[in-house]
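**Student:** My questions are about this predicted structure, shown below with the sequence.
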Amino acid sequence: MRKKIIIAFIAAAAVIAGIAVYAFSGKETPEAEPLRTAKVTRGELRLEAMANGIITPDVEVIVKSKAGGEIIDFPFNEGDIIKKGEVIVKLDPETEEARAKQAEATLLMTEARLEKAKIGRKDSEVKLGRQTKLFEDGIISRQELEDSEIGFQKAGTDVKLSQAELMQSREALNEANERLADTKIKAPFTGTILKKFVDRGQVISSTLSSASEGTQIFSMANLDNIFVTTHVDEVDISRIAPGQAAIVKVDSLPGREFTATVERVAPKGRTEMTVTIFDVVVRVTDKDKALLKPGMTADVNITTSVKNDVLLVPRDAVKTRDDRKTGVYILKAGAPEFVEAAFGDTDGERTEVKSGVAEGAEVVTSSVAPKMNNKNSKRRLFF
């Protein structure tokens with residue numbers, strides 16, 4: 001029994017000795033990360049607002065036709081440049097020519113009916129005058145006179161109906177001639193064909209009502225002027241105004257930047273997903289703007305202001321202590337010393353220094369933490 005107690009005591013002593021050796025081994029804690037520093041410089045601070053949007057042309061229209069028939073010629077393709085007044089599409093005019101002739105014949109008949117109605121009214125007017133004289137002479141009764149008056153009124157109504165029919169016939173003829181003219185579809189302005197909705201050999205239906213929009217033939221746009229319609233958050237909109245410079249980037253052309261200018265700012269915003277946004281239209285002025293295609297998504301950086309000859313420090317150099325004082329750590333004799341300072345705007349990478357730090361000062365950009373002394377890193381054990 002005594003032998004077991006001795007063995008247990010020796011084992012406990014060995015454990016305590018091991019702990020003591022480790023505690024007094026003098027092993028140092030890992031060194032803190034080396035301080036990174038940068039110089040306070042003087043230069044230009046460019047402030048920007050970022051937005052995204054869609055590439056859009058200056059003018060884009062869908063050309064339609066009210067004519068019907070087979071498309072006998074459509075020699076242009078998407079991407080082709082067409083000139084104002086140039087015939088782009090031809091339809092077989094046979095059907096529309098027949099309808100125009102029919103409308104013209106209807107017009108002639110309504111004109112004849114109007115002339116007949118006018119003659120009838122004149123005849124009724126003469127009869128009424130004669131009957132009035134006979135009534136005054138006591139030759140005919142009042143009933144006969146009233147019958148003549150009614151006949152004259154009916155003749156006048158027939159004239160009005162014929163005039164209305166004539167107006168309808170003229171309008172129908174105008175529509176028929178418009179549909180006939182639409183068998184030769186011309187470009188409304190000089191531009192580029194964006195999309196073809198029909199092609200040669202296809203038969204389209206005629207639009208018989210002026211209220212109908214017609215059949216879509218092709219869409220075209222003027223690509224001389226290219227815009228980006230962007231959506232800007234209400235936080236940034238107060239800093240944006242027409243005339244400001246901008247840079248446009250698209251994913252399909254990585255590394256390429258296109259110069260642009262703010263064209264107009266929407267006077268009223270709208271709410272999307274609880275966020276108020278404003279439409280801002282940016283005109284692309286770059287000489288290579290032809291590389292941008294309508295429908296592309298684009299990122300836009302708008303330069304809201306430029307500050308020249310200001311003191312600048314890296315944004316990482318701006319520190320806030322526990323006492324909520326803001327400033328920078330300056331290296332003095334190799335050690336960081338906190339200096340309270342006032343700051344202005346930032347572009348996300350550099351921050352303007354308004355006061356408290358001089359040009360050329362070396363400021364700390366990494367985290368600042370005191371190093372542990374090796375003596376304090378040891379623990380003493382007492383028994």
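**Tutor:** Happy to help now that I have it.

**Student:** what ranges do the helices span in the stretch 1-150 of the chain?
**Tutor:** Residue ranges of the helices in the stretch 1-150 of the chain, as given by DSSP state H, counting those that start in this stretch, are 2-23, 94-136, 142-181.

**Student:** F76: which of these is closest?
**Tutor:** Comparison of the helices of the stretch 1-150 of the chain against F76 by C-beta to C-beta identifies helix 142-181 as nearest, at 19.3 Å. (Each C-beta comes from the backbone N, C-alpha and C, glycine too.)

**Student:** what is the orientation angle of the closest one with helix 94-136?
**Tutor:** 160 degrees (axes from the mean of the first three to the mean of the last three C-alpha atoms, to 10 degrees).

**Student:** Compare the helices of the stretch 1-150 of the chain and give me the one nearest D322.
**Tutor:** helix 2-23 (32.1 Å).

**Student:** Quickly list the domain ranges of this structure.
**Tutor:** 49-57+224-306, 93-182 (automatic domain parsing).

**Student:** Which of the helices of the stretch 1-150 of the chain has the lowest mean pLDDT?
**Tutor:** In terms of mean pLDDT, the lowest-scoring of the helices of the stretch 1-150 of the chain is helix 2-23 (a mean of 44).

**Student:** before we move on, back to that, now render the helices of the stretch 1-150 of the chain as JSON lines, adding distance to F218.
**Tutor:** Shown next, in JSON lines, are these (distance: least, C-beta to C-beta, whole Å):
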{"stretch": "helix 2-23", "distance to F218": "85"}
{"stretch": "helix 94-136", "distance to F218": "19"}
{"stretch": "helix 142-181", "distance to F218": "17"}
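
**Student:** between those, which gets nearest to D80?
**Tutor:** Nearest of the helices of the stretch 1-150 of the chain (C-beta to C-beta): helix 142-181, 22.8 Å.

**Student:** Now do the helix or strand just after the closest one: everything it contacts.
**Tutor:** Toward the C-terminal end, the helix or strand that comes next after helix 142-181 (DSSP states H and E) is strand 184-186. The set of residues external to strand 184-186 that reach it, using C-beta atoms under 8 Å, 6 or more residues apart in numbering, is 63, 65, 85-91, 217.

**Student:** top of the residues you listed by neighbour count?
**Tutor:** Compared across the contacts of strand 184-186, L91 has the highest neighbour count, 28 neighbours, by other C-beta atoms under 10 Å.

**Student:** my guess is that residue contacts T183, does it?
**Tutor:** Yes. In this structure L91 lies within contact range of T183 using C-beta atoms under 8 Å: 4.1 Å.

**Student:** any residues in contact with both of those two?
**Tutor:** Common neighbours of L91 and T183 (C-beta under 8 Å, 6+ apart) are 65, 67, 69.

**Student:** Any regions of the protein where pLDDT drops low?
**Tutor:** 1-33, 208-212, 369-383 (pLDDT under 70).

**Student:** Please enumerate the strands of the stretch 151-300 of the chain.
**Tutor:** 184-186, 191-196, 203-204, 215-233, 245-250, 258-265, 270-272, 275-284, 297-314 (DSSP state E, counting those that start in this stretch).

**Student:** quick check: angle from the longest one to strand 275-284?
**Tutor:** In this structure, strand 215-233 runs at an angle of 110 degrees to strand 275-284, with the same axes, to 10 degrees as the basis.

**Student:** other SSEs contacting strand 215-233?
**Tutor:** strand 41-65, strand 87-91, strand 191-196, strand 275-284, strand 297-314 (3 or more C-beta pairs under 8 Å, 6 or more residues apart in numbering; DSSP states H and E).

**Student:** ok, the most centrally placed residue in the chain - contacts?
**Tutor:** Geometric centre of the chain, nearest residue: T229, 3.1 Å, by C-alpha atoms, centre = their mean. Contacts were defined as C-beta under 8 Å, 6+ apart; by that measure T229 touches 53-54, 56, 279-281.

**Student:** Nearest to G191, out of those: which one, please.
**Tutor:** The closest of those, once distances to G191 are taken by C-beta to C-beta, is T56, at 13.6 Å.

**Student:** Quick check: L114 touching L166?
**Tutor:** Yes. L114 lies in contact with L166 (C-beta under 8 Å); the separation is 5.3 Å.

**Student:** Mind listing the residues bridging to the residue lying closest to Q202 once chain neighbours are set aside?
**Tutor:** Closest residue to Q202 apart from its sequence neighbours, by C-beta to C-beta, 6 or more residues apart in numbering: I71 at 5.2 Å. Applying DSSP bridges to I71 gives these bridge partners: L91.

**Student:** I'd like to know how many residues surround I71.
**Tutor:** Residues near I71, counting by other C-beta under 10 Å: 20.

**Student:** and the end-to-end length of stretch 203-218?
**Tutor:** End-to-end distance of stretch 203-218: 15 Å, with C-alpha to C-alpha, to the nearest Å as the criterion.

**Student:** In stretch 90-100, which residues are buried?
**Tutor:** Judged by neighbour count (16 or more other C-beta atoms under 10 Å), stretch 90-100 contains these buried residues: 90-93, 95-96, 99-100.
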